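Novice: fold the following for me, if possible:
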Amino acid sequence: QVQLVESGGGWVQPGESLTLSCAASGIRFSSVVMGWYRQTPGNQRELVAAITGGGRTNYADSVKDRFTIFRDNAKNAKNTVYLQTKMLKPEDTAIYYCNLADFYCTGYGCHDFGSWGQGTQVTVSS
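Specialist: Numbering: from 1, shown residues only. Model (predicted):
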C-alpha cells in the first residue's frame, strides 16, 4: 500500500525559500516517476514538478527556474523526494502534495494516482 508523508511547509514572506520533503513507502521508489503537486481551495490539483528515477526533471511554467525537485534513491535512503522552492510568491500559497506522476504532464488535468497523503501547507504572505 502506497504511503506518502509530506513535511517542511510553513509560513514565509515573499522572496523567501522552503524545502519540502516527502517520504514514500509501498512503491518501488527508485523506478517510478515522482511529482510534487499543489492545490488551493476550490481548484484542481496542479502538478508543478516531476522527476524520473534517473533524475530527469520537468516543471510547470508557473514554477520553472524557481523550484527544484530532487530525490534520494540511495539503497539505504528513506525513499524521499524533495522540492526546493525559491523566490516564493503569494500565488505559491497552497497545500503541497507528492505522489506518483506522469512525467510529460505538468500543470492541470494530469492523471490522479490516488493514495494522497495529507500534504503540507505553504503560505506566502507579508
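Novice: which stretches in the chain count as strands?
Specialist: Along the chain, the stretches classed as strands by DSSP state E are 3-7, 10-12, 18-25, 34-39, 46-51, 57-59, 67-72, 80-85, 94-100, 107-108, 120-124.
Novice: now tabulate those in CSV and tack on mean neighbour count, distance to residue 114 and mean pLDDT.
Specialist: The C-beta positions use only the backbone N, C-alpha and C, and glycine is treated the same way. Formatted as CSV, the entries for the strands of the chain read as follows, by neighbours: other Cβ atoms under 10 Å; distance: least, Cβ to Cβ, whole Å; pLDDT from 0 to 100:
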stretch, mean neighbour count, distance to residue 114, mean pLDDT
strand 3-7, 18, 11, 96
strand 10-12, 14, 27, 98
strand 18-25, 19, 14, 96
strand 34-39, 24, 12, 97
strand 46-51, 24, 14, 97
strand 57-59, 18, 21, 97
strand 67-72, 18, 20, 94
strand 80-85, 22, 17, 97
strand 94-100, 22, 8, 97
strand 107-108, 12, 17, 94
strand 120-124, 18, 19, 98
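Novice: start to end distance for stretch 7-17?
Specialist: 14 Å (Cα to Cα, to the nearest Å).
Novice: same question but for stretch 60-79, I mixed them up
Specialist: Using Cα to Cα, the gap from the first to the last residue of stretch 60-79 comes to 23 Å.
Novice: no more questions from me, cheers.
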